[in-house]
Every structure is written in structure tokens, then in C-alpha cells.
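A.B. asks: I would like to see how this sequence folds:
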Amino acid sequence: MSKKNFDHEVISNLEDNDIQPEYDFSGGVRGKHYRAYREGHTVRIHEADGTVTVQYFTLEEGAVLLDPDVREYFPDSEAVNRALRGLIALIPEKQRVTEIEAE
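C.D. replies: Numbers count the residues shown, from 1 in each chain. A predicted model of the protein is given here:
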């Protein structure tokens, strides 16, 4: 089977298999955990032996999460940095010095 035929077959199978009835998301709330995820979140893993493993996840220092609509225009950190440097160049020098002194 060629790759092209394989890809088409896989996609066809995915399209034929809608969400199963046992997966009921009718009471779901879109974005319910969005803010908590951005601020850091805790994951509790309940093991079969009864123990619980707790992991805390947070963004690394300096890391920024881009919203999906922004990500369409800035696919990587190089693109984001280039755009921000362009904006920085538009800020008058006097204003930049005042902002730095205020910190």
C-alpha cells in the first residue's frame, strides 16, 4: 500500500469513527482549566497500589504561552522575538529610559 493510499485510509477511518457514545462531553465547559493551566497546575496520579504521585507543572522563567490565534502568525520563538524587537524599536528612547528607571 502506498503512503498516499495509507494516509487516505487512515483519514477515512478517523472520519467514520465519531466520538463514541460513552464519551459524553455535553456538560463540559470550554476553557474551564485554562487560567489554572497558565498559572501552573498540579497533577495527581493514582497508582494501582493505592499510592498517589503528585507533580506540579509551571511555565519556566521567561516562558510565554501564545493563544492559538496568535500562534498562527508566530510559529516559533524566533518569529515572536523578531516581532517584539520591531515593536521595541517603535518606543521612543526617552520613554524606554523612564520605564527602566521606574523598575
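
A.B. asks: nearest residue to the residue nearest the centre of the chain in space, please, no chain neighbours.
C.D. replies: The chain has residue 65 as the residue nearest its centroid, 5.9 Å off, counting by C-alpha atoms, centre = their mean. Sequence neighbours aside, residue 38 is the residue nearest to residue 65 in space, at 5.8 Å (criterion: C-beta to C-beta, 6 or more residues apart in numbering). C-beta: built from backbone N, CA, C; applies to glycine.

A.B. asks: got any ranges where this structure has weak pLDDT?
C.D. replies: In the predicted model, the chain carries pLDDT under 70 at residues 1-17, 94-101, 103.

A.B. asks: how about residues contacting stretch 67-76?
C.D. replies: Residues lying outside stretch 67-76 but in contact with it, judged by C-beta atoms under 8 Å, 6 or more residues apart in numbering, are 66, 79, 80, 83.

A.B. asks: can you rerun that using 6 Å?
C.D. replies: Outside of stretch 67-76, the residues within contact range by C-beta atoms under 6 Å, 6 or more residues apart in numbering are residue 80.
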